[in-house]
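Enquirer: below: sequence and its predicted model.
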2 protein chains.
Amino acid sequence: MLRLTKKADYGLMAVKFLAERADTPSLSAKDIAEAYGIPPQLLAKILQRLTKVGLLSSHAGMNGGYALSRAPEEITAFDVIRAIDGPLFITSCDARPRGCDLTDSCTVREPLRKVNESISEVLKAIRVSDLCEPEASRRVVRSKPEILVSLGG
Amino acid sequence: MLRLTKKADYGLMAVKFLAERADTPSLSAKDIAEAYGIPPQLLAKILQRLTKVGLLSSHAGMNGGYALSRAPEEITAFDVIRAIDGPLFITSCDARPRGCDLTDSCTVREPLRKVNESISEVLKAIRVSDLCEPEASRRVVRSKPEILVSLGG
DNA sequence: TAAATATGCGACCAGTCAGGTCGGGATTAC
DNA sequence: GTAATCCCGACCTGACTGGTCGCATATTTA
């Protein structure tokens, strides 16, 4: 499995959409939802969450809507996903309260934590601006902090 | 979120356990479950799955149990996780039937698929033998196929 | 100022799924 | 033949995801 939620997908799509239309003063949740055919009210909640963490700026009222509050180069996939899905933990143990019952006996926690970090780095290496690139420019992003998996310590 | 299931955790723990005791002729599901305090019946099902895909070999009857069917160096975390959790898809769309409704409009699928591959590579770079290393030898595994995230193509 | 359009937010609901249990059948050692 | 073990499908339950509803608030415009 290891999949992220549909909400995160929607969030990424919306952010990309906003980035591509940075010139447009403000786009409403409805606009974006219609563009992709996703439930407007659901997307609304997602956008609200992204606004709350400061990735988007919002404007209520007529002709209101959302806009990126930072440049597309300054926002990573990691930012978006974490804002929506919460902190990502590859081990189900780490998902809250002081570890699972096996905290003591679990022997694969530590190595997996490292894997977790690697994945985070991969996601952090992807900027929203990367998502927007026209298909022509097939850039290859070498994930900046080279992926290391350090085991046993 | 983006976490793998508890079952996968258990599976990894069990495989590690078996690798560390390769000398022991055969270890039962009960043995392993008790060692870690995990539900025996649940672990049993997990081990059966791992057997089915050929990672473990089983032996019924008294003094029966499980053993790795390959050397610990020949089994990766990816193998174990995929056997238990199924193919890993970071996008919730890819999780089955011919993509979601948005297959056409979804614009982040392709980039995320690349992320998916990167994560797979990370997991493939982790061998069971790596999990077993005594804490002393703090090896650093440079994930072999250098992680590339190629976008827009 | 009233209407229309937006965001903000909490409550709620239904379906899915992960984690776990139960029970019965087949194998093998002693 | 009996005990230990693997094998396997059915089932249950609680949590969570995806989605909806309704209301309050903000802002523009006529």
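Expert: Okay, I see it.
Enquirer: so where is chain A shaky, pLDDT-wise?
Expert: For chain A, residues meeting the criterion pLDDT under 70 lie at A:1, A:90-105, A:134-153.
Enquirer: could you pull out the helices in it for me?
Expert: Ranges of helices in chain A, per DSSP state H, are A:6-20, A:29-36, A:40-52, A:77-85, A:109-124, A:128-132.
Enquirer: does any bit of stretch A:13-29 sit next to DNA strand D?
Expert: No - on the criterion CB under 7 Å from any atom of the strand, stretch A:13-29 is out of touch with DNA strand D, staying 9.6 Å away. C-beta: built from backbone N, CA, C; applies to glycine.
Enquirer: can you get me the start-to-end distance on that stretch?
Expert: 12 Å (CA to CA, to the nearest Å).
Enquirer: same check, this time on stretch A:14-33
Expert: End-to-end distance for stretch A:14-33: 8 Å, by CA to CA.
Enquirer: may I see the buried residues of it?
Expert: A:14-21, A:27-29, A:31-33 (16 or more other CB atoms under 10 Å in any protein chain shown).
Enquirer: enumerate the residues of chain A near DNA strand D.
Expert: So far as CB under 7 Å from any atom of the strand goes, chain A lies against DNA strand D at A:5-7, A:38-39, A:41-42, A:45, A:59-64, A:85.
Enquirer: go with 10 Å
Expert: A:3-10, A:26, A:33, A:38-46, A:58-64, A:84-86, A:92, A:95-96 (CB under 10 Å from any atom of the strand).
Enquirer: re the thing from before, closest to chain B out of the buried residues of stretch A:14-33?
Expert: A:K16 (5.9 Å; CB to the nearest CB).
Enquirer: mind listing what that closest one touches?
Expert: By CB atoms under 8 Å, 6 or more residues apart in numbering or on different chains, the residues touching A:K16 are A:128, A:131-132, B:107-108.
Enquirer: quick check: the closest residue to it other than its chain neighbours vs A:G86, distance?
Expert: Of all residues not flanking A:K16 in the chain, A:L131 sits nearest, at 4.6 Å (CB to CB, 6 or more residues apart in numbering or on different chains). Here A:L131 is placed at a distance of 21 Å from A:G86 (CB to CB, to the nearest Å).
Enquirer: look at these two and report which has more neighbours.
Expert: Using other CB atoms under 10 Å in any protein chain shown as the criterion, A:L131 and A:G86 rank with A:L131 on top: 25 against 14.
Enquirer: so who does the more buried one touch?
Expert: A:12, A:15-16, A:19, A:77, B:107-108, B:111, B:151.
Enquirer: gap between A:Y10 and A:P40?
Expert: Applying CB to CB, the value for A:Y10 to A:P40 is 11 Å.
Enquirer: ignore what I typed, I meant A:R82.
Expert: With distances taken as CB to CB, A:R82 is found 24 Å from A:P40.
Enquirer: those two: which is more packed in?
Expert: Between A:R82 and A:P40, counted using other CB under 10 Å, A:R82 has the larger neighbour count: 19 against 13.
Enquirer: wait, the more buried one touches A:L88, no?
Expert: Yes - with contact defined as CB atoms under 8 Å, A:R82 reaches A:L88; the gap is 6.5 Å.
Enquirer: for the residue in chain A that DNA strand D sits nearest to, give me phi and psi.
Expert: Minimum separation of chain A from DNA strand D (CB to the nearest atom of the strand) falls at A:G61, amounting to 2.3 Å. Per-residue torsions, A:G61: phi 90, psi 180 (degrees, to the nearest 10).
Enquirer: what's the separation between it and chain B?
Expert: Distance of A:G61 to chain B, given as CB to the nearest CB, to the nearest Å: 28 Å.
Enquirer: repeat for A:G86
Expert: Distance, A:G86 to chain B, by CB to the nearest CB: 6 Å.
Enquirer: kind regards, and thank you for your time.
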